[in-house]
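In: Pasting the sequence and the predicted model now:
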Amino acid sequence: MRTIRVETSAATILLTEAPEPKVRDRQTGERAVDAVSGEPLMTIGVVYIEDGESSLIKVTVPESGVTAGLTLGAPVSLVGLVARPWESVFNGQQRHGIAYRASAVAAGVFPMVQAG
């Protein structure tokens, strides 16, 4: 399926879950790796706030893209954020959603608010 670039310049993104290894197989504990580079993947949880609306999302990031100094509740920057719609059949039920991936996550700043 197609990937869609996500423009984040007007959003506030706050870290809600610290980076942790992404698991490919929960039964065996096998780590998920990037299909091209073979690099281990991590997941983070963020709240994405824009235009007065918020969403809790999980974002996959390569292990090398997780920078030091991330603090829960603090703003972060998601470099190269993309969204990829997905669908699958699990136990006979069709499921669908959006997977988010970034090339890096770094400590960020709150967006500037213009006085009106």
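Out: Arrived safely. Numbering: from 1, shown residues only.

In: which residues of the protein fall in strands?
Out: 4-5, 12-21, 23-25, 30-31, 41-50, 53-62, 76-79, 82-90, 93-101, 104-107 (DSSP state E).

In: With mean neighbour count, distance to residue 70 and mean pLDDT added, can I get these in JSON lines?
Out: Glycine gets a C-beta too; all of them are placed from N, C-alpha and C. Output for the strands of the chain, formatted as JSON lines (neighbours: other CB atoms under 10 Å; distance: least, CB to CB, whole Å; pLDDT from 0 to 100):
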{"stretch": "strand 4-5", "mean neighbour count": "10", "distance to residue 70": "23", "mean pLDDT": "95"}
{"stretch": "strand 12-21", "mean neighbour count": "16", "distance to residue 70": "6", "mean pLDDT": "96"}
{"stretch": "strand 23-25", "mean neighbour count": "12", "distance to residue 70": "20", "mean pLDDT": "90"}
{"stretch": "strand 30-31", "mean neighbour count": "12", "distance to residue 70": "20", "mean pLDDT": "94"}
{"stretch": "strand 41-50", "mean neighbour count": "19", "distance to residue 70": "8", "mean pLDDT": "97"}
{"stretch": "strand 53-62", "mean neighbour count": "16", "distance to residue 70": "11", "mean pLDDT": "96"}
{"stretch": "strand 76-79", "mean neighbour count": "20", "distance to residue 70": "6", "mean pLDDT": "95"}
{"stretch": "strand 82-90", "mean neighbour count": "11", "distance to residue 70": "20", "mean pLDDT": "92"}
{"stretch": "strand 93-101", "mean neighbour count": "12", "distance to residue 70": "17", "mean pLDDT": "93"}
{"stretch": "strand 104-107", "mean neighbour count": "17", "distance to residue 70": "6", "mean pLDDT": "94"}
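
In: between those, which gets nearest to residue 68?
Out: strand 104-107 (8.8 Å; CB to CB).

In: And that closest one, what does it pack against?
Out: strand 53-62, strand 76-79 (3 or more CB pairs under 8 Å, 6 or more residues apart in numbering; DSSP states H and E).
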